[in-house]
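*Asks:* got a sequence here, can you model it:
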Amino acid sequence: VIVQDDEFFPDALTEVPGLVGDITSWISDTAQKPSRVMAMAAAITVVGTVIGRAVAGPSETGTHLYVAVLAPSGANKSAPLVAANRLLASSNNDALIGPSEFASMSAVVHTLKRQPLALCVMDEVGAKLKKICDQKAQSHAAAVPQVLREIWGLSFETYVTQAWANLPSTIITSPAISILGASNPKEFFDGIGSNEITNGFLNRWLILSAGREGKHKRVASGSPKVVPDAIRLALAGLRTEMNQLPPDALRRPIGEDMGFLRQFKWGYGAEACYEKLKDDIEKLIDGDETRRNFYARTAEMAQRLAVIRAAGQQVQIIGVKDMEWGRDVSMWSSRRMERDARDYISDNEAQRNWKMIRGLIARHGGEMSRRNLANSLSGRLKYREIEDIIKDLIDAGQIIMTKKPQERGGHPLITYRYAGNLAVE
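*Replies:* Numbers count the residues shown, from 1 in each chain. Sure thing, here's the model as predicted:
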């Protein structure tokens, strides 16, 4: 059963066996404001990076990910970011720690030359995306999303860099850059314009959303500054094991170079789960190319997640439970992405306000009184602006206005009901 959209990421999906689960628990248990979903975001990107450029999935996909943790202000979003770098450094993988921002295309290229495999931890990733995705961005910054789009899909392929007047192009084998970013939802989607929906940049991201505080209480048995030996040694051992020549290396045909050292295989029922996911996605899209913009890479993302989870259990076979988990996580992300993009992403201020009001009503159970709406928008929009937008939404069939007479007379109670599909939008 595919997990349906919800306001926050389902806590049950953070209960993961193996190294991914161990890292998740350590980060969450030692955080001042525990959040297992934020901790899991760090766990999957760290493990995915540690086995990167060495391990391939059954369809030869890599394990690098772009993950955005979205949570409101005050949620202690920095804790998993700090932990991710600490995990790499403590396990002798500090060479895999990448830059915290890409200011230009040349910066990305120079990073790829030095570190074709890296995890880039980015706080306030929404603000950083705005610098490179803004339509007014300078050309050297505006080219960054293009490079990130290209290298995301180049699992065990080569990337040829751009040539400059005084610098020839370079061939980079198997680029595998992962990004772990944190932002509040509005700032993240404000940083991405509609072009990034249609050109496929957005659907390369895994979106994980958390509340201000997690449901788990802080466990005072450990320190966030001290990585447990079991986790530190497991990461170091995983990196060493996955980068050794596999037993079948000598049996490969002479001259065969697949680009990876190990390819994980499907376990019983896992491939059927993967194929069904692809079929379900096509049925969900049903010829709607707008929806394809959000679901085009959901199946591949699910397989990458399944490989990471399996590797954390020290097996090289993807079990059906691994694939079901990868499916549920990636589908939740795509559904949330579709909803939030419709609510937040806009190319001008008027469209942004229009979507903001529609989203407020939709997320308030689909119905909101005039007074509550005005109070929610206090300080952001003038009363006349709100009234004009409401009129436009009614005319467009997006909301329905109802008037309910008061028992003691006086002005009727005015409410606005969202006319869209709450399960999708």
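
*Asks:* can you report how many residues lie near the nearest residue to residue 119 once chain neighbours are set aside?
*Replies:* Nearest non-adjacent residue to residue 119, counting by Cβ to Cβ, 6 or more residues apart in numbering: residue 49, 4.2 Å away. Where you see a C-beta, it was placed from the backbone N, CA and C, and this is true even at glycine. By other Cβ atoms under 10 Å, 30 other residues sit near residue 49.

*Asks:* what do you get for the one 3 residues further on?
*Replies:* Residues lying near residue 52 (other Cβ under 10 Å) number 28.

*Asks:* give me the residues contacting stretch 410-419.
*Replies:* 358, 361-362, 366-370, 373, 390, 393, 397-406 (Cβ atoms under 8 Å, 6 or more residues apart in numbering).

*Asks:* put the buried members of these into a ChimeraX selection.
*Replies:* For the buried members of these, the matching ChimeraX selection, counting by 16 or more other Cβ atoms under 10 Å, is:
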select :358,361,362,368,370,373,390,393,398,399
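
*Asks:* just the contacts of stretch 410-419: which are in strands?
*Replies:* Among the contacts of stretch 410-419, the residues falling in strands (DSSP state E) are 367, 368, 369, 399, 400, 401, 402, 403, 404.

*Asks:* farthest-separated two in the residues you listed?
*Replies:* The largest separation in those, counting by Cβ to Cβ, is between 399 and 404 at 15.7 Å.

*Asks:* tell me how far the most centrally placed residue in the chain lies from residue 329.
*Replies:* For the chain, the residue nearest the mean C-alpha position is residue 206 (2.1 Å; Cα atoms, centre = their mean). Distance of residue 206 to residue 329, computed by Cβ to Cβ, to the nearest Å: 7 Å.

*Asks:* which residues do those two both contact?
*Replies:* Joint contacts of residue 206 and residue 329 (Cβ under 8 Å, 6+ apart) are residue 305.

*Asks:* quick check, residue 184 in contact with residue 126.
*Replies:* Yes. If you go by Cβ atoms under 8 Å, residue 184 and residue 126 touch, sitting 7.0 Å apart.

*Asks:* out of the two, which sits in the busier spot?
*Replies:* Ranked by neighbour count (other Cβ under 10 Å), residue 184 and residue 126 place residue 126 first, with 22 against 17.

*Asks:* do you know how far the more buried one is from residue 99?
*Replies:* Between residue 126 and residue 99 the distance is 17 Å, computed by Cβ to Cβ.

*Asks:* ranges for the helices of the stretch 101-250 of the chain?
*Replies:* For the stretch 101-250 of the chain, the helices defined by DSSP state H, counting those that start in this stretch occupy 105-114, 125-133, 139-142, 144-152, 185-190, 195-198, 229-242.

*Asks:* which stretch in those has the least confidence?
*Replies:* Sorting those by mean pLDDT places helix 139-142 lowest, at a mean of 76.

*Asks:* elements contacting it?
*Replies:* helix 105-114, helix 125-133 (3 or more Cβ pairs under 8 Å, 6 or more residues apart in numbering; DSSP states H and E).

*Asks:* please tabulate the ones you listed in TSV, including the columns distance to residue 295.
*Replies:* As requested, the helices and strands packed on helix 139-142 are exported to TSV (distance: least, Cβ to Cβ, whole Å):
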stretch	distance to residue 295
helix 105-114	27
helix 125-133	21
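
*Asks:* of the ones you listed, which is nearest residue 12?
*Replies:* Each of the helices and strands packed on helix 139-142 has some distance to residue 12 by Cβ to Cβ; the shortest is helix 125-133, at 26.1 Å.

*Asks:* can you point me to the longest helix in this structure?
*Replies:* helix 320-344 (DSSP state H).

*Asks:* low-confidence ranges, this protein, go.
*Replies:* Along the chain, the model assigns pLDDT under 70 to residues 1-7, 135-139, 165, 212-221, 245-259, 346-349, 379, 409, 420-425.

*Asks:* what ranges do the strands span in it?
*Replies:* 55-56, 66-70, 117-122, 158-160, 171-173, 176-183, 205-209, 262-263, 265-266, 317-318, 367-369, 399-404, 413-418.

*Asks:* reformat the ones you listed as JSON lines; add distance to residue 28.
*Replies:* Formatted as JSON lines, these follow (distance: least, Cβ to Cβ, whole Å):
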{"stretch": "strand 55-56", "distance to residue 28": "26"}
{"stretch": "strand 66-70", "distance to residue 28": "13"}
{"stretch": "strand 117-122", "distance to residue 28": "17"}
{"stretch": "strand 158-160", "distance to residue 28": "36"}
{"stretch": "strand 171-173", "distance to residue 28": "36"}
{"stretch": "strand 176-183", "distance to residue 28": "15"}
{"stretch": "strand 205-209", "distance to residue 28": "13"}
{"stretch": "strand 262-263", "distance to residue 28": "30"}
{"stretch": "strand 265-266", "distance to residue 28": "31"}
{"stretch": "strand 317-318", "distance to residue 28": "25"}
{"stretch": "strand 367-369", "distance to residue 28": "34"}
{"stretch": "strand 399-404", "distance to residue 28": "39"}
{"stretch": "strand 413-418", "distance to residue 28": "34"}
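
*Asks:* ok, which of those strands comes nearest residue 290?
*Replies:* Going by Cβ to Cβ, the one of the strands of the chain nearest residue 290 is strand 205-209, 17.5 Å.

*Asks:* mind exporting that closest one as CSV, just the C-alpha atoms?
*Replies:* Extracted in CSV, the C-alpha atoms of strand 205-209 (Å, rounded to 0.1, in the frame of the first residue of the first chain):
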residue,chain,number,x,y,z
TRP,A,205,14.9,16.1,-4.8
LEU,A,206,13.6,13.9,-2.0
ILE,A,207,11.4,16.0,0.2
LEU,A,208,11.0,15.1,3.9
SER,A,209,8.8,17.3,6.1
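
*Asks:* need the residues that contact it.
*Replies:* So strand 205-209 is in contact with 7-9, 37-38, 40-41, 65-71, 185, 301, 305, 329-330, 333, 336-337, 340, going by Cβ under 8 Å, 6+ apart.

*Asks:* so residue 173 sits against residue 117, correct?
*Replies:* No. The criterion here is Cβ under 8 Å, and residue 173 misses it with residue 117 at 10.6 Å.

*Asks:* counting neighbours, go ahead and name the busier of these two.
*Replies:* Counted by other Cβ under 10 Å, residue 173 and residue 117 do not tie: residue 117 has more neighbours, with 22 against 13.

*Asks:* which residues touch that one?
*Replies:* Taking Cβ under 8 Å, 6+ apart as the test, what residue 117 contacts is 49, 52, 53, 64, 96, 174, 176, 177.
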